[in-house]
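Engineer: Sharing a model that was predicted from the sequence below.
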Amino acid sequence: MERVDVAIVGGGPAGTSAAWKAAEHGADAVVVEKGVPRADRDRLGPDSTDAAGMLDYWVDLMDFDPEEIPEDIILRRLDGADFIGPSKTLPVETTNIDASYPDFGFAFDRAGFDDWLRGQAESAGASYHVGDSVTDVESDLSPSNGREQTHTLTLSSGEELVAEYLVLADGPQRTVTTDALDQFTSGRTISDVLNPTEVNHIAYQEHRKIPDELLEPHRLKFWWGYMPGHTAYPWVFPNDGNVARIGLTMPIGLDIDDFDKSEWVLLREDDDGIPRGGEYIERLLEHLYPDYDIDDFPLVEDRGKQGGTETYPISSTRPIESPTKAGVAVVGGAMGGTSAFHEGGDHVAVRTGKIAGRLAATGDLQRYNDTWQDALEDEFARNVTLADVVHDYGPAEWDHAFGTADSLLNRGEYSWWTILKSGLSGYRMVKQYNSTKDQYRNGGYVQFEESEYDL
Ligand SMILES: Cc1cc2nc3c(=O)[nH]c(=O)nc-3n(C[C@H](O)[C@H](O)[C@H](O)COP(=O)(O)OP(=O)(O)OC[C@H]3O[C@@H](n4cnc5c(N)ncnc54)[C@H](O)[C@@H]3O)c2cc1C
């Protein structure tokens, strides 16, 4: 039986950042990562997607100096993004949020980023059990042997790991988080609010080569109002060379009979179920480029998890607070910290992980909930507000939104000049955004508070 100060379940960006900061602040920190093989990595590692996008101000939210991000993980500098409705497009050249990173953002090699984070954690003294899963956690909250509490983790290898502090970083599937936290609930439970099969979305992506003449290597593209379901949209993220990730996000378990098929660009009258991810992507490409054939966008089969494709769950929910009095912090995707609204979450994962690791190491974990909220309040309030405002939008509403409030949507910032320019409908949209955001200020976006745990 191994005894450590801080045990971390999951070695993605959140868990690794927690291990890094815990070790840097003098704790004995161990990460247990179940370990996923990737063709582009020579050992088992975390369950990384192939590539990812980072916006300028997310670098600050991660608490990194732009210089710290290694050049060799950056695939592309980004100049902007296009939000495309059925007939209106909103081009965006700036996030409009103060940032020290000089460009709009960058596309990066996510596996490389994860490996770099692990290198930082190991250099600081953290250790890894990779290829072993945590199958159970039992917490004993009575102090013993100078420890405030003990958490006993059972691993799939049969070994046990005992820690004073527990960081739950198992991502949106919450393989361990739900039961570990429900040790401390009796009324409303974590499985009530964060059940992955109810609150997660599914994300599917393909790595395809884009013909030279169609390539826009420095822009992200999102199509809204093309497929049914709240926060359901296809996107294109440029990677290296001519390769792009073409993907989509959609809620799990949609019923096609709930939608008018004629309204949605990517549905067909004879669909008897919601199309599968690959079918949606084919239809998107046919719609955008009628003069081309799908074979003009060949699948890059040596990328991704399976023959050029990847399917992942993605959390699309509001975050929860952690039972810090039990010496437990939930971080990143496990706490509901990814926003399917813009497919982003690495920044929240890194920052919550860094905070949890540092506070666990310094015996200050009870400050965790306040600290992550101080650091990320604006980001959570903005994402939750936007996701709420557009929850029931159909194609017409997306066009209307993109046509009238081009400086409000997806940036959360606007000027009075643009409101005046967009007339009454722009004014209404700003008013709706502001009144929704008011509900979420001061931690109102949290969906499970620390006071609800029986501690
Ligand atoms: C298709 C897709 C595209 C995305 N694109 C972007 C993007 O462009 N930009 C961005 O910022 N974010 C993006 N995200 C979101 C981002 O990937 C997540 O927010 C981020 O990975 C969350 O990090 P995490 O460490 O909390 O969880 P994860 O990265 O999910 O890591 C959890 C880790 O825990 C391990 N694990 C789980 N259970 C156990 C167990 N029982 N025992 C041991 N180990 C376990 C898993 O193997 C995994 O490695 C995307 C997500 C998806 C699905």
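Structural biologist: Now that the structure is in, tell me what you want to look at.
Engineer: Flag the shaky bits of this structure, pLDDT-wise.
Structural biologist: Scanning the chain for pLDDT under 70 picks out 340-343, 404-427.
Engineer: Could I get the full set of helices for it?
Structural biologist: Under the criterion DSSP state H, the chain contains helices at 13-24, 56-61, 110-124, 177-182, 190-194, 196-199, 277-288, 346-361, 368-389, 395-404, 416-440.
Engineer: near the ligand, which residues of the stretch 201-350 of the chain?
Structural biologist: 203, 205, 247, 312, 314, 332-334, 338, 343-347, 349 (C-beta under 6 Å from any ligand atom). Heads up, the C-betas are built off the backbone N, CA and C, glycines and all.
Engineer: can we see that at 5 Å?
Structural biologist: Within the stretch 201-350 of the chain, the positions near the ligand by C-beta under 5 Å from any ligand atom are Ala203, Tyr312, Ile314, Gly332, Gly333, Thr338, Glu343, Gly344, Gly345, Asp346, Ala349.
Engineer: now the helices of the chain as a markdown table including mean neighbour count?
Structural biologist: Shown next, in a markdown table, are the helices of the chain (neighbours: other C-beta atoms under 10 Å):
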| stretch | mean neighbour count |
| --- | --- |
| helix 13-24 | 31 |
| helix 56-61 | 20 |
| helix 110-124 | 20 |
| helix 177-182 | 22 |
| helix 190-194 | 19 |
| helix 196-199 | 15 |
| helix 277-288 | 18 |
| helix 346-361 | 28 |
| helix 368-389 | 20 |
| helix 395-404 | 19 |
| helix 416-440 | 15 |
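Engineer: in the stretch 151-300 of the chain, what residue is nearest the ligand?
Structural biologist: Gly171 (2.4 Å; C-beta to the nearest ligand atom).
Engineer: Near the nearest residue to that residue once chain neighbours are set aside, how many residues? Count them for me, please.
Structural biologist: Nearest non-adjacent residue to Gly171, counting by C-beta to C-beta, 6 or more residues apart in numbering: Gly333, 4.3 Å away. Here the count is done by other C-beta atoms under 10 Å, and Gly333 has 30 residues near it.
Engineer: tell me the contacts of Ile274?
Structural biologist: Contact partners of Ile274, counting by C-beta atoms under 8 Å, 6 or more residues apart in numbering, are Pro228, Gly229, Met250, Leu254, Asp255, Ile256.
Engineer: Also Pro319?
Structural biologist: Counting by C-beta under 8 Å, 6+ apart, Pro319 touches Met335, Gly336, Gly337, Phe380, Tyr445, Val446, Gln447.
Engineer: same thing with Tyr312?
Structural biologist: Neighbouring residues of Tyr312 by C-beta under 8 Å, 6+ apart: Asp47, Thr49, Ile202, Ala203, Tyr204.
Engineer: about what we covered before: highest neighbour count among the contacts of Ile274?
Structural biologist: When neighbours are counted by other C-beta under 10 Å, Met250 leads the contacts of Ile274 with 25 neighbours.
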